[in-house]
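Chemist: take a look and give me a structure for this.
(4 chains)
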Protein chains: 2
Amino acid sequence: MRPREFDHDDVLRIAFDQFWRKGVRGTSLSDIARDAGVQRGSLYNAFGSKEALFLQAYERYAGDYLIALQKALGTGSLRKRLTAFFDLTITNFRAGSPPRGCPTTRGLMELGSVEGEGLDEEARQAFANLVARITALVQDTLSAGAERGEFSGNPAAAALHIITVTRGLAVLERAFSDEPQLRKIAAHTIDLVLGKKGG
Amino acid sequence: MRPREFDHDDVLRIAFDQFWRKGVRGTSLSDIARDAGVQRGSLYNAFGSKEALFLQAYERYAGDYLIALQKALGTGSLRKRLTAFFDLTITNFRAGSPPRGCPTTRGLMELGSVEGEGLDEEARQAFANLVARITALVQDTLSAGAERGEFSGNPAAAALHIITVTRGLAVLERAFSDEPQLRKIAAHTIDLVLGKKGG
DNA sequence: GAAAGTATTTGACACGGTGTCAAGAAAATG
DNA sequence: CATTTTCTTGACACCGTGTCAAATACTTTC
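Modeler: Now for the predicted structure:
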């Protein structure tokens, strides 16, 4: 056996950073290889393909992100939790300069996988999976809130609505890049879901 | 002068169909040229670049779509109008088999234009422009509804919320492809905005 | 400690995409 | 009918992905 000359995890981090900034299609393995100080061929040897590399890098990110979310959703009144949730969401896709947007949403839309083109089914599932997990997290939060009398609606429907709004925010962020506006929409959504008066 | 051997508009239609199905990056000018029965070089001569061709094709689509929207938003009670609006929205990105998704949202997210990569600023503006126009349309509808006593909230905030939801729906459509679910979310949104009881 | 074994690295290659360009072809104009 | 102007066509440079065989460097085994 000959040992790897690079750190698997480092490459994953570097790769995801590039994918996040420039999109999957917009990032070449040469870019990543240069940035990581690794030969392009070595990346193929270690990961198989650009898509497989992306997938691993994305799964890594998704895990970290879920943990951060759980933390944000874990304390305070229901209103506080939802506020923290939207906060983290917006902060996440406004990070970097210029902001890089939401990697999940960008990835999901980039896979034009409709006709053999774009990222494949496996990638789509990875994206959908994160969205589903986040939805479940929000739904649990709402259910708990309902038990404490902080919420009176249907947790499943409300969670889906909230997730839809966050995905919409990720899109509007690309269109207008107006962060205060995004936060206003988020606040408005919380008011709608909890009822305007103090929830 | 030597006349064109192809119809400008036909090519635009054919090109947009491909772009819509496979994404901008996923569509090659060779594909379009083959489909349109035109030489690749002629496309460059007539449109300048792939991006410019896409832009023209998209503007064409955007015009048609706006007209259809105006029609959908033009009759009945406020609730009926909003229902028709969501209907057209969902129907639009569920068209084709397999469904092609929302071209605006897909385009917007595909331009990773963060770092010189992806579609350029001009394309971003075209997408953002359509979103802004649709928002204005919805806002006008809500304002008119408010004047007739069908709506009591803030039309600007509500319109923005509704648009955000439609963008979110476009994203979820890619993730889950579950049309009934999308329509449920839409109905739920109308209820939230108008107040559950009959609006 | 030397030799064999094995996974990694490296560079060359095929292929397909974008975009450019010069030369050929087809109408309009005088 | 020649000229002009524009379109068409095919060749080219360049960059991206992905594959492969040969070279390399570390481990294991004797």
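
Chemist: what's in contact with the helix or strand of chain A with the lowest mean pLDDT?
Modeler: Within chain A, no helix or strand scores below helix A:103-110, which has a mean of 92 by mean pLDDT, DSSP states H and E. With CB atoms under 8 Å, 6 or more residues apart in numbering or on different chains as the test, helix A:103-110 has contacts from A:16, A:19-20, A:23-25, A:58, A:61-62, A:93, A:118-119, A:123-124, A:127-128, A:130-131, A:167, A:170-171, A:174, B:23, B:25, B:101, B:105-106, B:108-110, B:112, B:170-171, B:174-175. Every C-beta, even on glycine, is put in place using the N, C-alpha and C of the backbone.

Chemist: got the angle for it vs helix B:103-110?
Modeler: 130 degrees (axes from the mean of the first three to the mean of the last three CA atoms, to 10 degrees).

Chemist: any residue of whichever helix or strand comes after helix A:103-110 touching DNA strand D?
Modeler: Tracing the chain past helix A:103-110, the next element assigned as helix or strand by DSSP states H and E is helix A:121-147. No: against DNA strand D, helix A:121-147 shows no contacts by CB under 7 Å from any atom of the strand, the least distance being 12.1 Å.

Chemist: now for the helix or strand following helix A:121-147, which elements pack on it?
Modeler: Note on helix A:121-147: by DSSP H and E, the next helix or strand toward the C-terminus is helix A:155-176. If contacts are counted by 3 or more CB pairs under 8 Å, 6 or more residues apart in numbering or on different chains; DSSP states H and E, helix A:155-176 sits against helix A:78-93, helix A:103-110, helix A:121-147, helix A:179-194, helix B:103-110, helix B:121-147, helix B:155-176, helix B:179-194.

Chemist: how about helix A:155-176, which residues are buried there?
Modeler: Buried positions in helix A:155-176, judged by neighbour count with 16 or more other CB atoms under 10 Å in any protein chain shown: A:155, A:157-175.

Chemist: so that helix versus helix A:78-93, what angle?
Modeler: 30 degrees.

Chemist: state the mean pLDDT of helix A:155-176.
Modeler: Across helix A:155-176, pLDDT averages out at 97.

Chemist: in terms of helices and strands, where is the residue in chain A positioned nearest to DNA strand C?
Modeler: Nearest residue of chain A to DNA strand C (CB to the nearest atom of the strand) works out as residue A:41 at 2.2 Å. Residue A:41 belongs to helix A:40-47 when assigned by DSSP H and E.

Chemist: what is the burial count for residue A:106?
Modeler: 28 (other CB atoms under 10 Å in any protein chain shown).

Chemist: center of chain A - which residue?
Modeler: residue A:104 (4.2 Å; CA atoms, centre = their mean).

Chemist: how close does that residue sit to residue B:105?
Modeler: 14 Å (CB to CB, to the nearest Å).

Chemist: point out where chain A drops to low pLDDT.
Modeler: Within chain A, the stretches with pLDDT under 70 are A:112-119, A:197-199.

Chemist: up against DNA strand D, what does chain A have?
Modeler: A:1-3, A:27-31, A:40-41, A:44, A:48-51.

Chemist: make it 10 Å
Modeler: Within chain A, the positions adjacent to DNA strand D are A:1-5, A:24-34, A:39-45, A:47-54, A:120 by CB under 10 Å from any atom of the strand.

Chemist: surely residue A:182 meets residue A:173?
Modeler: Yes: at 6.0 Å, residue A:182 and residue A:173 qualify as touching, with contact defined as CB atoms under 8 Å.

Chemist: any shared contact partners between the two?
Modeler: With CB under 8 Å, 6+ apart, residue A:182 and residue A:173 have common neighbours A:90, A:94.

Chemist: if we can go back for a sec, ok, the residue of chain A closest to DNA strand C to residue A:33 distance?
Modeler: 9 Å.

Chemist: so for those two, which residue has more residues nearby?
Modeler: More crowded of residue A:41 and residue A:33, by other CB under 10 Å: residue A:33, with 20 against 10.

Chemist: all set now, cheers.
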